[in-house]
Structure formats: C-alpha cells, structure tokens
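Student: I need the structure of the sequence given here:
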Amino acid sequence: MIRTAPPPRDVHVITDDAEAIGAAHRLAAGFAPGASDRDRNRVLPWDELEAFSASGLWGITIPAEHGGAGVSAVTLARVIAIIGAADGSLAQIPQNHFYALEVLRSGGSPEQRAYFDRLALSGHRFGNALAEIGARDFKRRTRLFHDNGRLLVEGRKFYCTGAIYAHWIPTLVVDEDERQQLVFIPRDAPGVSITDDWDGFGQRGTGSGSVAFDRVEVRPEWVIPFQASFERPTPIGPLAQLLHAAIDLGIGKGAFAATLPFIRDRARPWIDAKVQRAADDPLLVAGVGEVSVRLRAAEALVDRAGRAVDEAIADPTEFTVAQASLSVAAARALTTTAGLLATSKLFELTGTSATLTEDNLDRHWRNVRTHTLHDPVRWKYHAVGNHSLNGINPPRHGAI
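Tutor: This next block holds a predicted model:
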C-alpha cells in the first residue's frame, strides 16, 4: 500500500536567505542521527520530509511578489548541500520540485506562476515524472492528447524521484504537435499509479520508482511550455544541474565529517609511522588534507556557479546562460570527483574496521556513486573544453 502525501499544514514562510540557511542547519542536525538506519532498512523518510517541507525550505525560491523570499541560487545550493551532508536522499527529493518551479518561472503564464507558486509556498510538494526507460533514443513516449473533448495523458515513467511523496507530479509529455510540454498532474488524479520499485544500491530513500498514467485527465492550465523554454536562453538547465552538484557536495562533506572522528577515536596508525595515534600518522594526515582541499575547491565552484545562475536568472541572454552552464559543468565535474574521493578515502584512511556493517559507512559511497551517475561527468569536461578550445557554447537542455 503506497502512502499518500498528507495535505500541507502549519507551513512556515521563510523571509530571507539567512533564515533559509539557519533552517537548513537545524533540520540537518535532526536528520543526521537517523540517516544510517533509514538507509540500512530502506525506510522512506515520510516524517523527516514533512518536517522539511513544513520548515518553509521548499518555498524559498518563490519570488517576493508572490509572497516568498526569492532566495539566490547560491543560497538554494547551500541549503541542499547542508541537507545532503546529513542525508543524501533527503537532499535529492526536492531537486525536481525546484526544477519544476524554474520551468514554471521561465515558461509559464503569469496566472500559472501565481497559482503554482502559491501552492508551493503553502507546502505542496512537486515531484517528477520526466525520464523513461526501455528505449535508447531519449524520445519521450508519454503522450498528451485530446479525446472526445478531454485532455488526457498516457504513458509510463521511471526514476521519478519525489513522486511518491508529492502532491503534484510535473510530467514531461509529447503533445499532438510532437512538442514537449510539462504537465502538472495531481498525485491523486484518477489513472495515476505509483510503484515503489526503486532498488538501487544508493539513495535508497528517494523513492525514485515508477509512475504510470492511464488516460489521466488534465486541465489546459496545468500544461507548461517545456520545449519552447529551451529554444531560447533560459536558466532551467543550469539551475537543475547546480542542485545536482550541491547534492554530491553535501554527500562528500557528510562522508568527510564521518571520517574525522573515526580516525581520532578508532583507527590505528600504520606501524612504520612510529606514532601512538592514527591522527598523528603523517601520511594519513596528508590524506585528510587532500580530501579537505578537494571539498573546499568543489564548494567554491558551487558558490561560483550559483552566482552565474543568479546572473542568468536576472538577465537570461545567450551569454549569461552559456556562462552559467559552463560554471555549473565545472562545479559538477569537481563535486563528482571530490564526493567520490571523500567517500573512498573514508575507508582508505580508517582501515578495515570502517567496513563493519553496524556502522553502515558505505552508504556515503553508495549514495554519491549512485547520484553522480545522473549525467556523465565526461560530458561536463567536454562542455568546458569545447568552449575553451573552440568557443562553442554548451547545448541548452536540462542535463548540462
């Protein structure tokens, strides 16, 4: 039996960037103690998610004219990284919520923006039904079509992170003109079925399973232009990828935070170091320094990319959007390698005792390895290199 998202209630409205950062730190402190057990037993984090959305953090990008804080992309990325350090799954669940809000901001009508912004600010969670499996051509086969005066959606999706917890499921479809649109579909609409069949070895709590649509009736005002928003410069792709970078950064920082006390309290120095404490082993100390430097560099690139995304949001031109994409690609390249380094070094620097099942420290590696597979990092380097060498801007889509 799939649990249904309860209606939002007592949702706080955050007023500025500083309050958002403070709320993220408070929530992270509460999320961290149970993260290992949730991962080990694959417990979907319903209670934690209710606290997360009730905090107001899911509404922080709503602009001031609609009653929100309109926080910067820099702040949004920092919030996601803070949560990710505590629990990588909880950090990933709202990623597509913010993605959908940016699609809405970039392509929706004023009436659509006002309606869905109001819902988000009141605590409604938006999931996603974007990806499809079973074909290699990346074409969408979920259809939006008319039948006897009704507007219907038919199709099947996978990797639907957040859908199981959502009140609305933004769904990527192809219309009768072969144009891609994003349809906001109520989670409880007749014909919508969600299957909790995500069985990846990492990010176990994201609920990234299947959603099927069996002639689901939708309203025209729920249909947001999608393809058109990539035919001109918009910051949709850079913002989406910035949040992915923040998730990887957060997981890496969480692994590093777990490494330090293990070295101090439980690890043994190597015999040739001729010291009593692992924390005094010079090669081990150097390894800690390497991880710290990589994570600090990755964090700096995420902040830099956030500033570029903010510039693209303020003035979406060919130049600003390309610069945002390039900055985010660089950040994603480094958060991928830094996150993987941090989670691997956790074991290399602490030794065999860190592999004990009771500690479940492998969850950090499993989480970052799983999440970093969203988009191949080799294409991030290609985007940066192709621009540096040939002056070619990155393509405009949601994965760069």
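
Student: all strands for the stretch 151-300 of the chain, in order.
Tutor: Remark: strands assigned in the stretch 151-300 of the chain by DSSP state E, counting those that start in this stretch are 168-174, 180-186, 192-195, 210-217, 223-225.

Student: let me redo that: the stretch 1-150 of the chain
Tutor: 143-147, 150-157.

Student: Any chance of JSON lines for the strands of the stretch 151-300 of the chain, columns mean pLDDT?
Tutor: Below are the strands of the stretch 151-300 of the chain laid out as JSON lines (pLDDT from 0 to 100):
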{"stretch": "strand 168-174", "mean pLDDT": "98"}
{"stretch": "strand 180-186", "mean pLDDT": "98"}
{"stretch": "strand 192-195", "mean pLDDT": "97"}
{"stretch": "strand 210-217", "mean pLDDT": "98"}
{"stretch": "strand 223-225", "mean pLDDT": "98"}
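
Student: Could you report the pLDDT at the residue of the chain positioned farthest from its centre?
Tutor: Computed with Cα atoms, centre = their mean, the residue of the chain farthest from its C-alpha average is K274, at 44.6 Å. pLDDT for K274: 96.

Student: Pop the domain breakdown of the protein in here.
Tutor: 17-121, 143-226, 232-390 (automatic domain parsing).

Student: coming back round to it: please work out which of the strands of the stretch 151-300 of the chain is packed deepest.
Tutor: With neighbours defined as mean count of other Cβ atoms under 10 Å, these peak in mean count at strand 168-174, which reaches a mean of 25. The way it works is simple: take the backbone N, C-alpha and C, and place the C-beta from them, glycine included.

Student: So which elements touch that strand?
Tutor: helix 95-107, strand 143-147, strand 150-157, strand 180-186, strand 210-217 (3 or more Cβ pairs under 8 Å, 6 or more residues apart in numbering; DSSP states H and E).

Student: who's in contact with the second one?
Tutor: In other words, strand 143-147. Outside strand 143-147, the residues that touch it by Cβ atoms under 8 Å, 6 or more residues apart in numbering are 151-155, 173-176, 181, 183, 215, 218, 223.

Student: Pull out the buried residues from it.
Tutor: For strand 143-147, the neighbour count (16 or more other Cβ atoms under 10 Å) marks L144 as buried.

Student: okay, the angle between that strand and strand 150-157?
Tutor: If you take axes from the mean of the first three to the mean of the last three Cα atoms, to 10 degrees, strand 143-147 sits at 150 degrees to strand 150-157.

Student: and strand 143-147 with strand 180-186, angle?
Tutor: 70 degrees.

Student: can you check the last one too?
Tutor: Using the same axes, to 10 degrees, the interaxial angle of strand 210-217 with respect to strand 180-186 works out to 90 degrees.

Student: For strand 210-217, give me every contacting residue.
Tutor: Contact with strand 210-217 is made by 129, 142, 147, 150-158, 160, 163, 169, 171, 185, 189-195, 197, as judged by Cβ under 8 Å, 6+ apart.

Student: Describe which strands that strand pairs with in its sheet and in which direction.
Tutor: strand 150-157 (antiparallel), strand 192-195 (antiparallel) (DSSP bridges).

Student: now the shortest one, how far from the centre of its chain.
Tutor: Between the mean C-alpha location of strand 192-195 and the chain-wide mean there is a distance of 22 Å, by Cα atoms, centre = their mean, to the nearest Å.

Student: begin at 7 from here
Tutor: I'll keep to 7 as the first residue from here, and by that count the last item is strand 198-201.

Student: Output it as CSV - backbone C-alpha positions only.
Tutor: Extracted in CSV, the C-alpha atoms of strand 198-201 (Å, rounded to 0.1, in the frame of the first residue of the first chain):
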residue,chain,number,x,y,z
VAL,A,198,-2.2,7.8,-11.7
SER,A,199,-0.4,4.9,-10.2
ILE,A,200,2.9,4.9,-8.4
THR,A,201,5.1,1.8,-7.8
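
Student: For stretch 296-303, could you pull out the residues that count as buried?
Tutor: For stretch 296-303, the neighbour count (16+ other Cβ under 10 Å) marks V297, R300, L301 as buried.

Student: For the nearest residue to the second one once chain neighbours are set aside, give me its contacts.
Tutor: Closest residue in space to R300, ignoring its immediate chain neighbours: A344 at 4.1 Å, by Cβ to Cβ, 6 or more residues apart in numbering. By Cβ under 8 Å, 6+ apart, A344 lies in contact with D254, L255, G258, V297, R300, L301, A303, A304.

Student: cutoff 7 Å now
Tutor: Going by Cβ atoms under 7 Å, 6 or more residues apart in numbering, A344 touches G258, R300, L301, A304.

Student: so the third one sits right up against I257, yeah?
Tutor: In other words, L301. No - in this structure, L301 is not within contact of I257 by Cβ atoms under 7 Å, at 10.7 Å.

Student: any weak-confidence spans in this protein?
Tutor: 7, 143-144 (pLDDT under 70).

Student: can you give me the helices for it?
Tutor: 23-47, 52-60, 79-92, 94-98, 101-113, 116-127, 242-271, 288-320, 324-356, 368-377, 383-396 (DSSP state H).

Student: of all these, which lies closest to A141?
Tutor: If you check each of the helices of the chain against A141 by Cβ to Cβ, helix 383-396 wins as the nearest, at 19.9 Å.
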